[in-house]
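Engineer: My questions are about this predicted structure, shown below with the sequence.
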Amino acid sequence: MKQQAGALLSSILIDRSATRKVSVQLYLALRDIILSGGLGAGDRLPASRILAREIGVSRTTVIDAVERLVAEGMLVSRVGSGTFVSDILEHQRPAPPVVKSPGVPAAAPRLSHTIDHAFEAYAPREWLPHSAGAFVTALPALDAFPIAHWARISARHLRDDRATVMGYGPPAGHPGLRRAIASHLNATRGIKCDPDQIFVTGGAQQAFSLIGRVLLNPGDRVWYENPGATGARNALIAAGAELVPVNIDEDGLVVEEGRAKAPHFRLAFVTPSHQQPLGHVMSLARRLELLEAANAAQALIIEDDYDGEFYYGDRPMPPLKSIDTQDRVLYVGTFSKTMFPSLRLGFVLVPRNLVTAFDRLFASWISTPPTATQASVADFMDEGQFATHIRIMRRLYRARYQTLIEETALLPDTVKVQPTTSGFHTTALLDASVDVDALINEARSAGVTVVPISRYALSPLGYNGLVLGFGSTCPDDIRTGMKVLRELSALRD
């Protein structure tokens, strides 16, 4: 072994406090020395005992690292002779990186035109919640979920036949879950559908992405609520859509504005049960007007019913899909809000004339979530636990919402919390004099999370506001959070 190479080997440092195993650290260090040319083709490594002593590790550790490199073809072991760097590296060793002048960035890989544009147009989503607190949005009351019962159901399915638990599973989703979803929609949401129209996805976000892939060509125009949900917005942008911002009033999407801006639209995206983020419920008249516009343009509608199960009024407004007589609506649902986000489980109910296209798509290359998870959710629904959980959550969210409203009485005149009748977030409109960025920073410093309505906007809205989540926040934390808002200097005249 060359003296220089020997010095390189003996200089290898092992961090015993690291989470990475010692043998892995040694393997990576040896590989880097070989790839960088510190050891040339044909160079012989020291005996394992010598190398172990030099580096300060066990001989077993050295053997494990060397065997991995032999298996990868970087080293060759010859009985009676020793271990050598492979001759293959003589002419195929990766070229060293080109050293750029200071301040000159390395060339980035070329991206597709569609995704390059999408990166610039994506809505930011860095505020997605990871833990509960005032006034975190989009996170359900995880503390109220019946986790013990869920654990029993999950354990039961993990003991199923291995081929069922560990195999790929049916492409369109677990049959039991598809039946349970169809039954639930028929019984509680007034949507008449068959299980074969239900396609199980890895959350609502994947459903939006798949809809875009099936229905959109680059440049197709999509009516999009302004302000509107960021997840679907990003998915449709990534599919090459041209999003047409259509403003929202108290009745929902302003259809007449959509007609004026893009009469020949391909898709419309709406959240009619609880507009995201403003919280309005689309009126029946506006729903019928939207369906008429889609029929006239031979367009389709994506209905995102992300939290429509949680209503506070006497009777909920029926989903748009339930009054769709022309098969224009693709209905997207998610278990992230009704159960918990880490399930990564959603579904799309497609019109009858799109079942064949979606069947082919899912059979060709879509992988559904784990079969055992799907089967567990199906049992959770079939055994009545899902319906029970929904009823409990309605009462809990109503109580938390009432706590929020009670605390608004002491807020300054510069902030006006808006009423809502469903979901687990609402909005607060701010006086034009309020510095929204300063308000957000002050609140964050005090441990309170608030998100501006402007984050959801495709085009300027003409007003300022905040989105206030209360689903994952207990009443005491709501009171504390409202006290913080009352004391913020940015809200005081």
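Structural biologist: Great, that's in hand.
Engineer: Show the contacting residues for residue 268.
Structural biologist: By CB atoms under 8 Å, 6 or more residues apart in numbering, the contact list for residue 268 reads 222, 223, 224, 253, 258, 290, 293, 294, 299, 300, 301, 302. In short, each C-beta sits where N, CA and C put it, glycine included.
Engineer: ok, now with 6 Å
Structural biologist: Applying CB atoms under 6 Å, 6 or more residues apart in numbering to residue 268 gives the contacts 223, 301.
Engineer: How many neighbouring residues does the residue nearest to residue 254 when sequence neighbours are not counted have?
Structural biologist: In space, and not counting its chain neighbours, residue 254 is closest to residue 247: 5.2 Å by CB to CB, 6 or more residues apart in numbering. As a burial measure, residue 247 scores 17 neighbours (other CB atoms under 10 Å).
Engineer: quick one: residue 247 and residue 226 touch, right?
Structural biologist: Yes. Counting by CB atoms under 6 Å, residue 247 touches residue 226, with 5.4 Å between them.
Engineer: Assumed the residue nearest to residue 254 was part of a strand.
Structural biologist: Yes. Assessed with DSSP: H, G, I helix; E, B strand; the rest coil, residue 247 lies in a strand.
Engineer: Look up how far residue 389 lies from it.
Structural biologist: Distance, residue 247 to residue 389, using CB to CB, to the nearest Å: 36 Å.
Engineer: tell me which residues in stretch 74-84 are buried?
Structural biologist: Of all the residues in stretch 74-84, those buried under the rule 16 or more other CB atoms under 10 Å are 74, 75, 76, 83, 84.
Engineer: Out of these, which is nearest to residue 159?
Structural biologist: Nearest to residue 159 among the buried residues of stretch 74-84: residue 74, at 42.9 Å, using CB to CB.
Engineer: where's the residue of the chain positioned farthest from its centre, which helix or strand?
Structural biologist: Relative to the centre of the chain, the most outlying C-alpha is that of residue 80, 56.1 Å out, by CA atoms, centre = their mean. Assigned by DSSP states H and E, residue 80 belongs to no helix or strand.
Engineer: Now do the same contact list for it.
Structural biologist: So residue 80 contacts nothing (CB under 6 Å, 6+ apart).
Engineer: Need phi/psi at it.
Structural biologist: Note on residue 80: backbone dihedrals following degrees, to the nearest 10 are phi 80, psi -10.
Engineer: same check, this time on residue 18
Structural biologist: In terms of degrees, to the nearest 10, the main-chain angles of residue 18 are phi -80, psi 160.
Engineer: Residue 172 too?
Structural biologist: phi -80, psi -10.
Engineer: same check, this time on residue 422
Structural biologist: With angles defined as degrees, to the nearest 10, residue 422 sits at phi -160, psi 170.
Engineer: Burial check on it, number of neighbours?
Structural biologist: Residues lying near residue 422 (other CB under 10 Å) number 23.
Engineer: And residue 271, by the same measure?
Structural biologist: Around residue 271 there are 30 other residues, counting by other CB under 10 Å.
Engineer: who's in contact with it?
Structural biologist: residue 304.
Engineer: separation between it and residue 15?
Structural biologist: Residue 271 is 50 Å from residue 15, where distance means CB to CB.
Engineer: What of residue 458?
Structural biologist: Applying CB to CB, the value for residue 458 to residue 15 is 48 Å.
Engineer: which one of these two has more residues nearby?
Structural biologist: With neighbours defined as other CB under 10 Å, residue 458 and residue 15 compare such that residue 458 has more, 18 against 9.
Engineer: Could you look up the SS state of that one?
Structural biologist: For residue 458, the assignment made with three-state DSSP gives coil.
Engineer: ok, and the closest non-adjacent residue to it?
Structural biologist: Nearest non-adjacent residue to residue 458, counting by CB to CB, 6+ apart: residue 245, 3.7 Å away.
Engineer: mind listing what that neighbour touches?
Structural biologist: Residue 245 neighbours (CB under 6 Å, 6+ apart): 226, 458, 459.
Engineer: what about residue 418, distance to residue 37?
Structural biologist: 66 Å.
Engineer: contacting residues around residue 137?
Structural biologist: Counting by CB under 6 Å, 6+ apart, residue 137 has contacts 425, 451, 467, 469.
Engineer: Which ChimeraX command selects the buried ones in those residues?
Structural biologist: Listed next is the ChimeraX selection for buried residues among the contacts of residue 137, using 16+ other CB under 10 Å:
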select :425,451,467,469
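Engineer: just the contacts of residue 137 now: which is nearest residue 325?
Structural biologist: Using CB to CB, those come closest to residue 325 at residue 425, 31.9 Å.
Engineer: any idea how far the closest residue to that closest one other than its chain neighbours is from residue 397?
Structural biologist: Of all residues not flanking residue 425 in the chain, residue 469 sits nearest, at 4.4 Å (CB to CB, 6+ apart). Distance, residue 469 to residue 397, using CB to CB: 11 Å.
Engineer: what's the overlap in contacts for those two?
Structural biologist: Common neighbours of residue 469 and residue 397 (criterion: CB under 6 Å, 6+ apart): none identified.
Engineer: thought residue 326 was touching residue 293?
Structural biologist: No. Counting by CB under 6 Å, residue 326 stays clear of residue 293, with 11.5 Å between them.
Engineer: Name the residue in the two with the higher neighbour count.
Structural biologist: Shown here are residue 326 and residue 293; by other CB under 10 Å, residue 293 has more neighbours (21 against 11).
Engineer: Next one: that one from residue 242, what distance?
Structural biologist: 18 Å.
Engineer: Also residue 18?
Structural biologist: The spacing between residue 18 and residue 242, counted by CB to CB, is 49 Å.
Engineer: Looking at the two, which has the bigger crowd around it?
Structural biologist: Comparing residue 18 with residue 242 by other CB under 10 Å, the one with more neighbours is residue 242, at 17 against 10.
Engineer: nearest residue to the more buried one other than its sequence neighbours?
Structural biologist: Spatial nearest neighbour of residue 242, excluding adjacent residues (CB to CB, 6+ apart): residue 221 at 5.0 Å.
Engineer: which stretches of the stretch 101-250 of the chain aren't confidently modelled?
Structural biologist: Within the stretch 101-250 of the chain, the segments meeting pLDDT under 70 span 101-107, 116-118, 120-121, 123-130.
Engineer: so where do the strands sit in this protein?
Structural biologist: 75-78, 82-85, 198-201, 221-226, 242-249, 252-253, 267-270, 300-304, 329-334, 346-349, 415-417, 425-430, 451-452, 464-469 (DSSP state E).
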